[in-house]
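Novice: what's the 3D shape of this:
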Amino acid sequence: MADSKASALSTDLIGADAVVAYLQRHPDFLNEHPELLELLTPPDQRHGAGVLDMQKFMVTRLRDRVAELERANARLVGIGQDNLKTQMLVQGAALALLTARSFEAMIDLVVTRLPDLIDIEASSLCVESGSPLPGKSNLVGVRVIRPGAIDRIVGAGGEVRLIADTPGSRTLFGEVAPRIRSMALARLTFGPGTPPGALALGSAKPDGFAPGQGTELLNFLARIVELCIRRWLAAAP
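Specialist: Sure, this is the predicted structure:
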């Protein structure tokens, strides 16, 4: 039975008339399978009333395909260039954080200079606490948020969350919140006995931060901020 089916599908038994009849019954066949045009030998150009120039049709279809591939390649190149630019900006910000000369200077860099360094609208350093923070942590620019807020935003056990096309949170960004259209939140851990923290970034673009984007650079930046804060807290008298 299998051999008879195979014989029935043999190309030796499929004549030109059968192919022509099939294409007449399925006029959209080549439109649905444009890749076959690359396998066909184009006919000589023919002109006259009622004569379809198949060669012109195939050349046009292939030209459209090449244009489509060129557009896709241009998009990929653009994405690559944007990623490289972002990587360089984040690396520059990390270097600035690591070379800050004081805890206060490092905090000021995070909450005032970081947006310009990585081309976003706003950044905040958030710490969960039910009361004002003691000592050096009680600095201008450190936003105190309610206990449990980070888990509610990021998710219990989550490290990073990107939120697209959303109003900025006043809890995270204060008076600059109305300028923000997308947000990113990265969890920070400062060490045993310290409250949870987070690095909050805001973009003026609705798709500046969006689910599906890579979070490697954001995680890298958050770990640098975390490392710097741990270092300065350990050095406090």
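
Novice: would you map out the domains in this protein?
Specialist: Using automatic domain parsing, the domain ranges for the chain come out as 15-99, 102-235.

Novice: rank the ones you listed by mean pLDDT and give me the bottom one.
Specialist: Here the lowest mean pLDDT among the domains of the chain goes to domain 15-99, at a mean of 73.

Novice: may I see the domains of the chain organised as CSV, with mean neighbour count added?
Specialist: Heads up, the C-betas are built off the backbone N, CA and C, glycines and all. Below are the domains of the chain laid out as CSV (neighbours: other C-beta atoms under 10 Å):
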stretch, mean neighbour count
domain 15-99, 11
domain 102-235, 17
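
Novice: now the helices for this protein?
Specialist: 2-8, 16-25, 29-32, 54-98, 103-108, 114-118, 149-154, 170-173, 216-235 (DSSP state H).

Novice: then the third one to PDB, C-alphas only?
Specialist: So the one you mean is helix 29-32. Provided in PDB are the C-alpha atoms of helix 29-32 (Å, rounded to 0.1, in the frame of the first residue of the first chain):
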ATOM      1  CA  PHE A  29      -0.300  29.100  -5.200                       C
ATOM      2  CA  LEU A  30       2.800  31.100  -6.100                       C
ATOM      3  CA  ASN A  31       1.600  34.000  -4.000                       C
ATOM      4  CA  GLU A  32       1.500  31.600  -1.000                       C
END
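
Novice: correct me, but I180 touches D165?
Specialist: No: counting by C-beta atoms under 8 Å, I180 stays clear of D165, with 11.0 Å between them.

Novice: leaving out sequence neighbours, find the closest residue to L233.
Specialist: F190 (6.5 Å; C-beta to C-beta, 6 or more residues apart in numbering).

Novice: A94 versus the one you found, what's the distance?
Specialist: In this view, F190 and A94 are 18 Å apart by C-beta to C-beta, to the nearest Å.

Novice: ok, for A210, nearest residue in space, not its chain neighbours?
Specialist: Once flanking residues are discounted, A210 sits nearest to A164: 3.6 Å by C-beta to C-beta, 6+ apart.
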